[in-house]
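Colleague: Build the 3D model from these lines:
(one chain, ligands or ions: 2)
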Amino acid sequence: MIDQLFSKSKRPFLISGPCSAETEIQVLETCSRLKNTGKVDMFRAGIWKPRTRPGSFEGVGEIGLNWLVEARKANNIPICVEVAKASHIESCLKLGVDVLWVGARTTANPFSVQEIADALKGVNIPVMVKNPTNPDLELWIGAIERLREAGLSQIAAIHRGFSFSGEKTFRNRPQWSIAIDLKTRMPEMPMINDPSHICGRRDLLFSVAQKAMDLNFDGLMIEAHVTPEQAWSDAAQQVTPEIYAELVGNLVLRTEVPERLESISVLEKMRKNLDLIDDEMMNLLSSRMTISREIGKYKKMNNITILQSNRWRKTLERYVSKASNHQLSEDFIARFIKAIHDESIEQQNKVLNSQT
Ligand code: PEP
Ligand code: MN
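Modeller: Ligands and ions are numbered 1, 2, ... in the order given. Take a look at the predicted model:
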């Protein structure tokens, strides 16, 4: 069953279960209700919970592993658990847990990842690596490499979003481009999406899961609980097994490679148009930077600073206010103009500080 994840022969590979194992009954009941839906390939539960702040529920510990093993036996389903240090691995290996995962807070710490890798040397067990809490692709890749160097051959990545402060729709910002970059760099590695920890609330789960499917992710990990509102951790994002199954059942699955020849040629034509526009954009950007450098020369001659805050603020406002007229999001236009402005500053900085 787990091989289906690594051979990518079942898409999406579905992982579900509660955020935390709380009691024996809760684990067994969640697992059997999930199994009854026919829509789960692996059962998950956290035993050791790394919480951001002390004082909240930190997991039931090793005893919970026995409940998971019981759930596996009763339902004939593989089980996976989060591990953060060597002693966790020892307990999991003793009880024959099928798959391990490294949590986001652990991936962010190379000391911990190395401890895990060392404890897994010579052991053949699949491991899933969540993205680090901070949006750092190299750190994510580094964790995967440490495990590979320990000899592990079955490694999957889990995209669970990145922590941030400020106004929040998502609990963890998805920053899809980081997951896409990892998929591009390691195309053979399965990529699982975790809508629960991205959203932090159940009403957004479906749209994130659907987006992951449309980005051709290989699997989903979604938290489910028999009484979600009363969960001891992550209550706002958990759903009942039945709602989980409905959500998964409503996903539209599309294929990456079009089956009909006709679609290939239609797509090709439209993509040619995109390429033409991209080339045009490149030419425009290049002309814009040529003018920027000219302005840089003038500023240098007349001892004027690169940045005039007022002019920049007005430029930004002007573009952002026009965004919706062009069916573009304000957020995108702000990021786009800021990126162009940054490059302009860099180019002028070079001109101002050159010797000629
Ligand atoms: C979890 O899966 O319950 C968990 C703790 O996730 P993360 O490491 O993504 O925060
Ligand atoms: Mn959780």
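Colleague: mind listing the strands for the stretch 151-300 of the chain?
Modeller: Applying DSSP state E, counting those that start in this stretch to the stretch 151-300 of the chain gives strands spanning 155-159, 191-193, 219-223.
Colleague: quick one: the shortest one near ligand 1?
Modeller: What it means is strand 191-193. No - figure legend: strand 191-193 not in contact with ligand 1 (CB under 6 Å from any ligand atom); closest approach 11.2 Å. The way it works is simple: take the backbone N, C-alpha and C, and place the C-beta from them, glycine included.
Colleague: Quickly list the domain ranges of the protein.
Modeller: Recorded structural domains for the chain (assignment: automatic domain parsing) are 2-249, 261-352.
Colleague: Of these, flag the one that's most buried.
Modeller: Of these, the one with the most neighbours on average (mean count of other CB atoms under 10 Å) is domain 2-249, at a mean of 19.
Colleague: Any idea how far apart the tips of that domain sit?
Modeller: 21 Å (CA to CA, to the nearest Å).
Colleague: does ligand 2 sit close to stretch 81-94?
Modeller: No - taking CB under 5 Å from the ion as the criterion, stretch 81-94 and ligand 2 are apart, separated by no less than 9.2 Å.
Colleague: List the contacts of whichever residue of the chain sits closest to ligand 2.
Modeller: Among all residues of the chain, residue 19 sits closest to ligand 2, at 3.2 Å; criterion: CB to the ion. Counting by CB atoms under 8 Å, 6 or more residues apart in numbering, residue 19 touches 45, 46, 49, 196, 223, 225, 231, 233, 234, 237, 238.
Colleague: go on, residue 164?
Modeller: Residue 164 is in contact with 172, 173, counting by CB under 8 Å, 6+ apart.
Colleague: Now do the same for it: its pLDDT.
Modeller: Predicted confidence (pLDDT) at residue 164: the value is 88.
Colleague: now swap in residue 260 and tell me
Modeller: With respect to pLDDT, residue 260 has a value of 82.
Colleague: Tell me, how many residues neighbour it?
Modeller: A count of nearby residues for residue 260, using other CB atoms under 10 Å, gives 8.
Colleague: Name the nearest residue to the residue nearest the centre of the chain, ignoring sequence neighbours.
Modeller: With distances taken as CA atoms, centre = their mean, the residue of the chain nearest its centroid is residue 159 (2.3 Å). The shortest distance from residue 159 to any residue other than its chain neighbours is 4.1 Å, reached at residue 179 (CB to CB, 6 or more residues apart in numbering).
Colleague: Could you check the pLDDT of the spatially closest residue to residue 140 that is not a sequence neighbour?
Modeller: Using CB to CB, 6+ apart and skipping the chain neighbours, the partner closest in space to residue 140 is residue 131 (5.0 Å). Note on residue 131: pLDDT of 98.
Colleague: residues contacting residue 131?
Modeller: Going by CB under 8 Å, 6+ apart, residue 131 touches 104, 107, 140, 157, 158, 159, 160, 161, 162, 178, 179.
Colleague: out of those residues, who's nearest residue 83?
Modeller: Nearest to residue 83 among the contacts of residue 131, counting by CB to CB, is residue 107 at 11.7 Å.
Colleague: Do you know the pLDDT at residue 168?
Modeller: As predicted, residue 168 sits at a pLDDT of 84.
Colleague: residues contacting the closest residue to it other than its chain neighbours?
Modeller: Spatial nearest neighbour of residue 168, excluding adjacent residues (CB to CB, 6+ apart): residue 200 at 7.9 Å. Residues near residue 200 by CB under 8 Å, 6+ apart: 168, 170, 171, 172, 234, 236, 237.
Colleague: Widest-spaced pair of the residues you listed?
Modeller: 168 and 234 (15.2 Å).
Colleague: can you give me the helices in the chain?
Modeller: 3-6, 24-37, 63-75, 86-95, 104-107, 110-119, 137-149, 176-185, 195-199, 205-214, 241-249, 261-302, 309-322, 330-352 (DSSP state H).
Colleague: can you put those in CSV and add distance to residue 55?
Modeller: Output for these, formatted as CSV (distance: least, CB to CB, whole Å):
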stretch, distance to residue 55
helix 3-6, 36
helix 24-37, 22
helix 63-75, 20
helix 86-95, 21
helix 104-107, 16
helix 110-119, 22
helix 137-149, 28
helix 176-185, 31
helix 195-199, 20
helix 205-214, 27
helix 241-249, 29
helix 261-302, 51
helix 309-322, 42
helix 330-352, 35
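Colleague: and the ones you listed as TSV, adding distance to ligand 1?
Modeller: Listed next are the helices of the chain as TSV, based on distance: least, CB to the nearest ligand atom, whole Å:
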stretch	distance to ligand 1
helix 3-6	17
helix 24-37	14
helix 63-75	13
helix 86-95	13
helix 104-107	4
helix 110-119	12
helix 137-149	12
helix 176-185	13
helix 195-199	4
helix 205-214	14
helix 241-249	15
helix 261-302	35
helix 309-322	33
helix 330-352	24
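Colleague: Residue 12 is nearest to which of these?
Modeller: Among the helices of the chain, if distance is taken as CB to CB, the winner is helix 205-214, at 6.5 Å.
Colleague: Quick one: mean pLDDT for that closest one?
Modeller: Mean per-residue pLDDT for helix 205-214: 97.
Colleague: Next, the contact list for residue 30, please.
Modeller: Residues near residue 30 by CB under 8 Å, 6+ apart: 17, 18, 45, 71, 224, 225, 226, 241.
Colleague: which among those residues gets closest to residue 114?
Modeller: Set against residue 114, the nearest of those by CB to CB is residue 45 (25.8 Å).
Colleague: for that closest one, phi and psi?
Modeller: Dihedral pair for residue 45: phi -170, psi 140, per degrees, to the nearest 10.
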